[in-house]
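Chemist: Could you look at this predicted model? Sequence included:
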Amino acid sequence: MVSFFDASLPGTLPVLNRRCVEAGILTALALQCRLNLVSMFDRKHYFYADLPAGYQITQQRCPLAKDGHVEYLAPDEDHRKLVLKRARLTQLQLEQDSGKSLHDVEMSHSLIDLNRAGIGLMEIITEPEFCSAVEAASFVRELQLILQVIGVCDGKMEEGSLRVDASVSVRRPSEPLGIRSEIKNLNSIRHLMRSIEFETLRQISILESGGQVLNETRAYDVETGETVSMRDKERLHDYRFMAEPNLPPLRLYTNDTVPNGVPSDQIINVDELRAMLPELPNAKRERLKKQYGLSVEHSNVFVNEPTLLECFEKIVANQNLQNVKIASNICINEVLAAVNKKNIAFSASNLSAESVGELVELVQDEVISLLTLRKILEVLLQDSSKLPKQVIEERGWHQVSNETALENICCQVIAANPKVVDDYRDGKTKVFNYLIGEVQKKLSGQSNVKAVVRIMKQKLDT
Amino acid sequence: MDVPGILTRSVDDAVVILNALAGHDPKDSTTVFEPFKPCALPDVASIKGLKIGIPQEYHAPGLSSDMKDSWQHVADIVENAGATVKRVSLPHTALSIVCYHVLCACEVASNMARYDGLEYGHRAKDESSTESLYAASRHEAFNNVVRGRILAGNYFLLKQNYDRYYVQAQRVRRLISQDFWNTFRSGIDILLTPTVLGDAPSYRWFSKADNRTRTQEQDVFTQPANMAGIPAISLPVALSSNGLPLGLQLLGQPFKEQQLLTAAKAIEQLVNFRALDFDKLLYCD
């Protein structure tokens, strides 16, 4: 659907989309930017078939917001731990999207799709402070999460909801920034990382062979994994910026400055929008760490899995748990791992907080082993109408904790593996796990591991 | 500068059109929200008590003696009818046309950028590349006046020229605007000026110089209103020695169209310009 305005028909004039402005403000607030209470619109002129008016309306002189920062987790240099980093932002501006062009090389035709033309965009520009592809990717992930949480964008890069242009340059430490190239229209985190990695190496090899990096626009070729130059001749773009005469300055108000006599649908109150902001991801991580004593990694997982977090919090609230750790370990290491293996989202799995809560209880009370838990999960993922205790009853999967029974099995295993027992007594303590494994096998994984270990050790050491 | 102009045969008709056009348009972000109170002019309009300003800088070079006389004549008429007539100064008047040329060319270059022949309008046959298609379509369908303005406008908007031309012109525009504000603030209600230098020139004479030169000469009196964003109306007041109409311009204060149009109607009634009776001319035997 192409409106007259988006097709640049003469006689049409621009009108600001209120929801876009609100989304821009919410984002600026979430990213700790400084809002410009008065911002302006400009025309950026260039001729291209997917830009019907011959210019794009944007905010060059005075954007909606400036500065700001995002705290995000990225692997440290050894790729072991997640550390908190901060990315500073330059500005946030509102602008129009252009249409899309498809080039049919065979027929020497270009097809122009104007459906997207004129749609409101938010451009967020970062300071040039990322030192690696993985840093850039981690930042974009955090940004995606923030945008989803505040409800302004679904962040789906593959669908074009979020597009990333990466400016890449290289330099030796303590030298000034090198000449940068810009890789445009990256539409997945993987492409973002690969293209940055490729471009970095490409630039280094140019410089090391005495050449110069060109300040140009490049595209990422998914097939070859390389970046390619987008311009066939070197041309300097002068965008001939000019104030947009048909849009007055955008004025934002606060509780103190809302004017009388202006209809409320023409007023945007920043304070009202600020009050609507939900808990942001990083604040949530901190809260989870403090409230439940979770590790950085676990709190990060929960922030990325809101329905799983909901389940976890319900369990912890409802039950008399001595150990929150068991609950988080089961949620993340067992439940999430199981649904990931089946390639489904936790929210799509139909596993209830009641079910998962029961599992946690059963493990905590040593009624089942982790091996049994995994078997029960398999069953529940097929048929979520049952509860764990039901499944245990039906399948007879109770954990064997009976001391006598366990002692008997241990004796059997010891008797059947004299060489291993000798190795153990000679000091090869590693083989102990083999013996435990044999006990587990005999009991189909349903033994109380802690008890088995204790009994086995007793028997071996006497 | 891209604003509507209303052409009618009487001030009353202009009021009818204005009342239909004015007011908030949700699809036009440059219209104000305040509800528009339609203009209602009395049957007999009076100019009594109004303070009319005569800007001295509008005695421009090339002003015909006919026009000068008409201007003086109408100033006398309104004074006799009870208005106060005062000489005023709008010191930056001479800069206005130059300022206008720069800003107008920039707007033209920008507004005409959409004419590429792809969505509508003339489309050339040269399809060897998008660029050549654009260049051919635009070259063929724009005349040399428009092309000249587009090239000039793009030149002024180049990064290296932007400050010296576009921004400087905006600064000068503010000075022009301030001249009007100061005058209105000092107690003047309405300004009375010639509309153009004289009566309608012949095409032969007009073509002796290029369009740019001629517009620079002829637009001196009318574009300041665009620069300042104030309402203006032009009406015929007398015939020149060639038997062609001469028009005077009234400039009013922002949002005070009622006052401006009342004054215009009063003058219309006072001068009693003998307009052509088209029906009689067309249909008489």
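Modeler: Done, it's in. Residues are numbered from 1 along each chain as shown, chains lettered A, B, ... in the order given.
Chemist: OK, now which residue of the stretch 51-200 of chain B is nearest to chain A?
Modeler: residue B:113 (2.5 Å; Cβ to the nearest Cβ). Glycine gets a C-beta too; all of them are placed from N, C-alpha and C.
Chemist: Check the burial of that residue by counting its neighbours.
Modeler: 24 (other Cβ atoms under 10 Å in any protein chain shown).
Chemist: Wait, it touches residue A:52, no?
Modeler: No: judged on Cβ atoms under 8 Å, residue B:113 makes no contact with residue A:52 at a distance of 9.5 Å.
Chemist: can you list residues touching both of the two?
Modeler: Shared contacts of residue B:113 and residue A:52, defined by Cβ atoms under 8 Å, 6 or more residues apart in numbering or on different chains, are absent.
Chemist: Let me see the contact set for residue 157.
Modeler: Because you didn't say which chain, this covers chain A. The contact partners of residue A:157, taken as Cβ under 8 Å, 6+ apart, are A:144, A:163, A:164, A:186, A:187, A:188, A:189.
Chemist: wrong chain, I was asking about chain B
Modeler: With Cβ under 8 Å, 6+ apart, residue B:157 has these contacts: A:45, A:240, A:241, A:242, B:106, B:109, B:110, B:165, B:166.
Chemist: What score does the first one have for pLDDT?
Modeler: Spelled out, it's residue A:45. Reported pLDDT at residue A:45 in the predicted model: 97.
Chemist: picking that back up, closest one to chain B out of the contacts of residue A:157, please.
Modeler: residue A:163 (22.8 Å).
Chemist: Just give the nearest non-adjacent residue to that closest one, would you?
Modeler: In this structure, residue A:163 finds its nearest non-sequential neighbour in residue A:185, 5.7 Å apart by Cβ to Cβ, 6 or more residues apart in numbering or on different chains.
Chemist: Mind giving me the packing neighbours of the helix or strand containing the one you found?
Modeler: Assessed by DSSP states H and E, residue A:185 sits inside strand A:181-186. Applying 3 or more Cβ pairs under 8 Å, 6 or more residues apart in numbering or on different chains; DSSP states H and E, one finds that strand A:181-186 contacts strand A:164-168, helix A:189-208, strand A:217-221.
Chemist: Tell me which of those approaches chain B most closely.
Modeler: Shortest distance between chain B and the helices and strands packed on strand A:181-186, using Cβ to the nearest Cβ, is found for strand A:217-221: 17.1 Å.
Chemist: Can you give the distance from whichever helix or strand comes after the closest one to the centre of its chain?
Modeler: Sequence order places strand A:226-229 as the next helix or strand after strand A:217-221, per DSSP H and E. Using Cα atoms, centre = their mean, to the nearest Å, the distance from the centre of strand A:226-229 to the centre of the chain it belongs to is 26 Å.
Chemist: who touches strand A:226-229?
Modeler: Counting by Cβ under 8 Å, 6+ apart, A:181, A:183, A:195, A:198-199, A:202, A:214, A:216-221 sit against strand A:226-229.
Chemist: Filter those down to just the buried residues.
Modeler: For these, a burial check counting by 16 or more other Cβ atoms under 10 Å in any protein chain shown picks out A:181, A:183, A:195, A:198, A:199, A:202, A:217, A:218, A:219, A:220.
Chemist: Let's have the residues you listed in JSON lines, adding pLDDT and distance to residue B:71.
Modeler: As requested, the buried ones among the contacts of strand A:226-229 are arranged in JSON lines below (pLDDT from 0 to 100; distance: Cβ to Cβ, whole Å):
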{"residue": "A:181", "pLDDT": "94", "distance to residue B:71": "65"}
{"residue": "A:183", "pLDDT": "95", "distance to residue B:71": "66"}
{"residue": "A:195", "pLDDT": "96", "distance to residue B:71": "71"}
{"residue": "A:198", "pLDDT": "96", "distance to residue B:71": "75"}
{"residue": "A:199", "pLDDT": "96", "distance to residue B:71": "70"}
{"residue": "A:202", "pLDDT": "96", "distance to residue B:71": "73"}
{"residue": "A:217", "pLDDT": "91", "distance to residue B:71": "60"}
{"residue": "A:218", "pLDDT": "93", "distance to residue B:71": "65"}
{"residue": "A:219", "pLDDT": "93", "distance to residue B:71": "65"}
{"residue": "A:220", "pLDDT": "94", "distance to residue B:71": "69"}
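Chemist: Which two among those are spaced furthest apart?
Modeler: Using Cβ to Cβ, the buried ones among the contacts of strand A:226-229 span at most 15.4 Å, a distance reached by A:198 and A:217.
Chemist: from memory residue A:330 sits against residue A:360, does it?
Modeler: Yes: here residue A:330 lies in contact with residue A:360, judged by Cβ under 8 Å, at a distance of 5.2 Å.
Chemist: just to revisit the earlier point, wait, which of the contacts of residue B:157 is closest to residue A:36?
Modeler: Using Cβ to Cβ, residue A:241 is the member of those that lies nearest residue A:36, at 17.1 Å.
Chemist: Spit out the contact partners of whichever residue of chain A sits closest to chain B.
Modeler: Proximity of chain A to chain B (Cβ to the nearest Cβ) peaks at residue A:54, 2.5 Å away. Residues in contact with residue A:54 (Cβ under 8 Å, 6+ apart) are A:8, A:45, A:46, A:47, B:110, B:112, B:113, B:114, B:116.
Chemist: and residue B:6, how many neighbours?
Modeler: Burial measure for residue B:6: 13 neighbouring residues, criterion other Cβ under 10 Å.
Chemist: now it: how far from chain A?
Modeler: Between residue B:6 and chain A the distance is 17 Å, computed by Cβ to the nearest Cβ, to the nearest Å.
Chemist: mind checking the SS state of that residue?
Modeler: Following DSSP: H, G, I helix; E, B strand; the rest coil, the label given to residue B:6 is coil.
Chemist: How about it, nearest residue that isn't a chain neighbour?
Modeler: Spatial nearest neighbour of residue B:6, excluding adjacent residues (Cβ to Cβ, 6+ apart): residue B:17 at 4.7 Å.
Chemist: where's that neighbour, which helix or strand?
Modeler: Residue-wise, residue B:17 maps onto helix B:11-21 under DSSP H and E.
Chemist: and after that helix, which helix or strand comes next?
Modeler: Following helix B:11-21 in sequence order, the next helix or strand is strand B:51-55 (DSSP H and E).
Chemist: Can you pull out the residues in contact with the very next helix or strand once past that next one?
Modeler: For strand B:51-55, the succeeding helix or strand toward the C-terminus, using DSSP H and E, is helix B:65-80. Contacts to helix B:65-80, defined as Cβ under 8 Å, 6+ apart, come from residues B:47, B:50, B:52, B:54, B:59, B:85, B:192-194, B:196-199, B:237-238, B:240-241, B:246, B:248, B:266-267, B:270-271.
Chemist: What's the ChimeraX line that selects buried ones from the residues you listed?
Modeler: In ChimeraX syntax, the buried subset of these is picked out as below (16+ other Cβ under 10 Å):
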select /B:47,50,52,54,85,192,193,194,196,197,198,199,237,238,240,246,248,266,267,270,271
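Chemist: near chain A, which residues of chain B?
Modeler: Within chain B, the positions adjacent to chain A are B:1-2, B:26-30, B:33, B:106-107, B:109-110, B:112-114, B:116, B:118-120, B:130-131, B:134, B:154, B:157-159, B:162, B:166 by Cβ under 8 Å from any Cβ of the partner chain.
Chemist: Please pick the buried ones from the residues you listed.
Modeler: Neighbour counting by 16+ other Cβ under 10 Å classes B:106-107, B:109-110, B:112-114, B:116, B:118-119, B:134, B:154, B:157, B:162, B:166 among these as buried.
Chemist: Tell me who's in contact with residue 113.
Modeler: Going with chain A. Contact analysis of residue A:113 by Cβ under 8 Å, 6+ apart lists A:50, A:99, A:100, A:101, A:102.
Chemist: To clarify, I was referring to chain B.
Modeler: By Cβ under 8 Å, 6+ apart, the contact set of residue B:113 is A:45, A:47, A:53, A:54, A:55.
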